[in-house]
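Participant: Please find the sequence and the predicted model below.
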Amino acid sequence: MQLSTKGRYAVMAMADLAKHAGEGATPLAVISERQQISLTYLEQLFMKMRRAGLVESTRGPGGGYSLARAPEEIAIAQIMTAVDEPVKMTRCEGESDLGCIGDHRCLTHDLWDALGDHILAFLGGVTLADVVDNAAAKEAALGLAGAGKARERRQAMADGR
């Protein structure tokens with residue numbers, strides 16, 4: 001599977017917003033410059049993310065975009081879905097019960113379908129907060145399943161357990 005620029009750029013831009021959340025609304029031109037993403041492309045992505053309720057826009061001087069919810073409440077899978085980025089490993093069109101080759105499934109259909117489900121589940125367990133504080137990368141390095149365990153460990157450590 002190769003992720004398109006649509007999904008990658010949307011996540012990069014949202015991570016940028018999350019990192020600078022305390023600074024007020026951020027103009028897309030600023031995100032464009034910091035992340036080296038086309039301003040026109042960002043405008044298209046942010047229109048979709050605004051419709052999905054992930055970001056809010058502010059007009060006028062000092063205007064721009066801000067997160068609609070806390071970074072801990074926005075899963076990477078939600079961003080991918082908002083910009084119409086499919087997490088699909090099969091070449092089948094439409095429903096997964098339709099045929100890959102003519103009117104029947106290929107031998108590996110269920111394998112690739114299950115992999116897509118695992119990827120979507122992983123992205124559903126990683127939040128913008130995880131990305132910003134690099135918890136997802138730490139998880140992968142430790143070989144643990146799901147970014148939620150990193151949050152639980154951090155909370156336990158903060159609670160002194």
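Facilitator: That came through fine. Numbering: from 1, shown residues only.

Participant: Going by C-alpha atoms from here, please, whenever you check contacts or count neighbours.
Facilitator: Fine.

Participant: in this structure, which segments are predicted with low confidence?
Facilitator: 1-3, 87-102, 135-161 (pLDDT under 70).

Participant: is it true that Trp112 lies in a strand?
Facilitator: No - secondary structure of Trp112 (DSSP: H, G, I helix; E, B strand; the rest coil): helix, not part of a strand.

Participant: and it, how many residues sit next to it?
Facilitator: 15 (other CA atoms under 10 Å).

Participant: Kindly report the same for the one 10 residues further on.
Facilitator: When neighbours are counted by other CA under 10 Å, Phe122 registers 18.

Participant: In the strand or helix carrying it, which residues are buried?
Facilitator: Following DSSP states H and E, one finds Phe122 within helix 109-124. Applying a neighbour-count criterion of 16 or more other CA atoms under 10 Å, one finds 109, 113, 115-116, 120, 122-124 buried in helix 109-124.

Participant: helices or strands up against whichever helix or strand comes after it?
Facilitator: Per DSSP H and E, the first helix or strand lying C-terminal to helix 109-124 is helix 128-132. Contact here means 3 or more CA pairs under 8 Å, 6 or more residues apart in numbering; DSSP states H and E; on that basis helix 128-132 packs against helix 5-19.

Participant: Touching the helix it packs on from outside, list them.
Facilitator: 26, 31, 35, 37, 42, 45-46, 65-67, 71, 76, 79-80, 83, 85, 128-129, 131-132 (CA atoms under 8 Å, 6 or more residues apart in numbering).

Participant: Phi and psi next, for the nearest residue to Gly24 once chain neighbours are set aside.
Facilitator: Nearest residue to Gly24 in three dimensions, chain neighbours excluded: Ser66, at 6.9 Å (CA to CA, 6 or more residues apart in numbering). Main-chain torsions, Ser66, degrees, to the nearest 10: phi -140, psi 160.

Participant: now Glu85
Facilitator: For Glu85, the backbone dihedrals (degrees, to the nearest 10) come out as phi -100, psi 110.

Participant: List the contacts of it.
Facilitator: By CA under 8 Å, 6+ apart, the contact list for Glu85 reads 4, 6-7.

Participant: how about JSON lines for those residues, with distance to Pro61 and neighbour count added?
Facilitator: Shown next, in JSON lines, are the contacts of Glu85 (distance: CA to CA, whole Å; neighbours: other CA atoms under 10 Å):
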{"residue": "Ser4", "distance to Pro61": "33", "neighbour count": "10"}
{"residue": "Lys6", "distance to Pro61": "28", "neighbour count": "16"}
{"residue": "Gly7", "distance to Pro61": "29", "neighbour count": "21"}
